[in-house]
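Undergrad: Give me coordinates for this.
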Amino acid sequence: MRKRLSHFLAMTVIATSILAPISGISEAQGIALPWKKEHVDALRVFQFLNYIDFGLAEAIETGDALVLARQYDTLAGNLDIAIIRDEQVISVIEALGKQVDRTETDRLTQQVEQIFSSRFYDGIYRSTSTAITTEDAILKQATAFGAPWYDYRRHRDQYTEVMRGKISLTDGQIRQLTEIRKDMLRISWELFGKYDVGKDERLSEGEMDRFVSVIDQEDPELRIRQLKRLQKDQPAFESFPPFWFYSGMAEIEGNGDRGYAIMCLDRYASSYREIFKKDPLLAMASMARLAMTPKDNRVQRLRSLDHMRANCQSSDWQYYLLASIVQAEMGMIPQAKEDLQRNIDNGYQVSLCSRIMGSILLSARDIRGFRQTISSLISDERVKTGDILSLASRCETDDCETWLKDQVSRISLSVAGSDEKCVRMEIPVDWIDYPCSMDLSVTWSDDVSGWESNLTSTAIAVLPKGKDDDMNRLIETPTLQEDPGLPVKLTATLVHPLFSVETGWTLLHPEEGLTRDLFIGLGKAFPFYRPVLGKYRLEWFSVSGGKIHRDERPQETEAPVAVEEKGKESPVPQVEERPTSDDVKTPPESEDVPAQKPISEDQIT
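TA: Sure thing, here's the model as predicted:
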């Protein structure tokens, strides 16, 4: 029996040694058994040497002080000393650190993080629309931007245009880095004599230079093809985790094979040998994997969340923001709140994170928590008005209603022009403190389209100051060829990606006089000049389809307003001054003005 067992084990060993090359398993992978600690140590050492060579090659290739500092921070700051204990390797890290100007690079790194935060923020809101929620935009943009160091690497020219400081390495620093790299040959030779395995995984200097050159390609499709050729030409890249990271990101950026991208991100995690306490590439790879995982795959989502959390820093606010959204989708509300509160406490994207917090609590039907959050948003000066408007209509507390009325009362509406008329609406500037588009429509009847204006983000950015309030911005619609006169009532709808505001307006009583005639005459003589013909008073409003509120402010004394006369055939409608009580009736309209469906009093609060 013993002879048969021995014979079986011997045949198994022979078969394994024969089939290993066929199955593509390298010598190192085949020998690195978990109970052979010296084998595992050898594999980690040679993988770390590849990391060092990669950092040196990238710093020399780019000549960038920030790239060098980041590589040094990863190699020295995150290295697990308990795993890598070879003195030759540590000496290389020490020599590398002497070339880093910590004071200057810290200042530059802070600028990169600020620019990244602004770019990511803009990307989120430019992707947000009435059809795409902010949460969906975050999931999409998280992979596109990744992390500050990665976005800087891909868009270095855009960053350096606005950065201040010494970014380029000196010739002396590059020479020193070249000398350090020469020493790597000697160190590798010494370690080859010390360890029996892992030699096949060590990449040469030329192969690493080629890898750095490939991942610097701007075209993601070209990167994909070149990286696959690298793998074919040198199978040792399969044991180098950054190879899988950049392969997966190239597939994502080039809208390539989604399945291959997921495989690459998974291979990074499987080929990584836990050299660092925190690995920024693994954190970003896990984030990308998380964003690509279907919602019903809970196990994989939890695994990616764990990897991302274990390898990110407290300053990586984008990871915690993404994690909060995913955790909320999975019903992990306390964890989502904690991640958002971490960002808020650390001062990262306070307004955005506060709004996501309110949205998560509202979706979870935590009414008490939602109301408390809205109250804190209203009192927090760091939170933008648009973010509050997107949520406040769902809050029915007295404080919310008072705040909403104060905000909407800042709007003003008027009709201007001569032969052809337009509508002018002034809105608070803090309503449009976002890189987004916006639509405005004004009508006097359900059967008529009325005035419409579609504003792009570029158009919003250059809106002029308002006439009634310097803190407002003036929106002027295109004119209508068919003259509607001065409608007694107007309904204006403002559609913002985060909220919508529907308002009802009543024409203020115009006064006759020479001033009116003068303005009208100037408007007819100079087509570019559009005098104000009629101003309107806010009667009611509704935010994001919420309940209708009535403007209960005392009616102001009417000022003289220039109003166009259409002749005896179509006189300007005369509207008597009315109190603001709820039992007031709609004033009679002129026969030539289209009748408008009155607003039901039970709709107005």
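
Undergrad: Double-check that Phe541 belongs to a helix.
TA: No - assignment of Phe541 by DSSP: H, G, I helix; E, B strand; the rest coil gives strand, placing it outside any helix.

Undergrad: I'd say it and Val408 touch.
TA: Yes - counting by Cβ atoms under 8 Å, Val408 is a contact partner of Phe541 at 4.6 Å. In this view, the C-beta of every residue, glycine as well, is placed from N, C-alpha and C.

Undergrad: shared neighbours of the two, anything?
TA: Listed as contacting both Phe541 and Val408 by Cβ atoms under 8 Å, 6 or more residues apart in numbering are Val501, Thr503, His549, Asp551.

Undergrad: Disregarding residues adjacent in the polypeptide, which is nearest to the first one?
TA: It refers to Val501. With sequence-adjacent residues excluded and distances taken as Cβ to Cβ, 6 or more residues apart in numbering, Val501 is closest to Leu494, at 4.6 Å.

Undergrad: for the one you found, helix, strand, or coil?
TA: Going by three-state DSSP: Leu494 is strand.

Undergrad: dump the residue contacts of it.
TA: Met425, Ile427, Met438, Asp439, Leu440, Ser500, Val501, Glu502, Thr503.

Undergrad: Just put the residues you listed in JSON lines and tack on pLDDT.
TA: Output for these, formatted as JSON lines (pLDDT from 0 to 100):
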{"residue": "Met425", "pLDDT": "94"}
{"residue": "Ile427", "pLDDT": "93"}
{"residue": "Met438", "pLDDT": "91"}
{"residue": "Asp439", "pLDDT": "93"}
{"residue": "Leu440", "pLDDT": "94"}
{"residue": "Ser500", "pLDDT": "93"}
{"residue": "Val501", "pLDDT": "95"}
{"residue": "Glu502", "pLDDT": "96"}
{"residue": "Thr503", "pLDDT": "96"}
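
Undergrad: and those, which are buried?
TA: Met425, Ile427, Met438, Leu440, Ser500, Val501, Glu502, Thr503 (16 or more other Cβ atoms under 10 Å).

Undergrad: Can I get those in TSV including secondary structure?
TA: Converted to TSV, the buried ones among the contacts of Leu494 look like this (three-state DSSP):
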residue	secondary structure
Met425	strand
Ile427	strand
Met438	strand
Leu440	strand
Ser500	strand
Val501	strand
Glu502	strand
Thr503	strand
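
Undergrad: that older thread, tell me the pLDDT at the residue nearest to Val501?
TA: Here the pLDDT value assigned to Leu494 is 95.

Undergrad: Quick check: bridge partners of it?
TA: Beta bridges link Leu494 to Leu440, Val501 when assigned by DSSP bridges.

Undergrad: Kindly provide the distance from it to Thr503.
TA: From Leu494 over to Thr503 the distance is 8 Å, taken as Cβ to Cβ, to the nearest Å.

Undergrad: just for the stretch 401-550 of the chain, where's the confidence low?
TA: Scanning the stretch 401-550 of the chain for pLDDT under 70 picks out the ranges 510-530.

Undergrad: Nearest the geometric middle of this structure, what residue?
TA: Ranked by distance to the mean C-alpha position of the chain (Cα atoms, centre = their mean), the top residue is Ile124 at 3.3 Å.

Undergrad: I'd like to know how many residues surround Arg445.
TA: Let me fix one detail, which is that residue 445 is Ser and not Arg. By the measure other Cβ atoms under 10 Å, the count of residues near Ser445 is 17.
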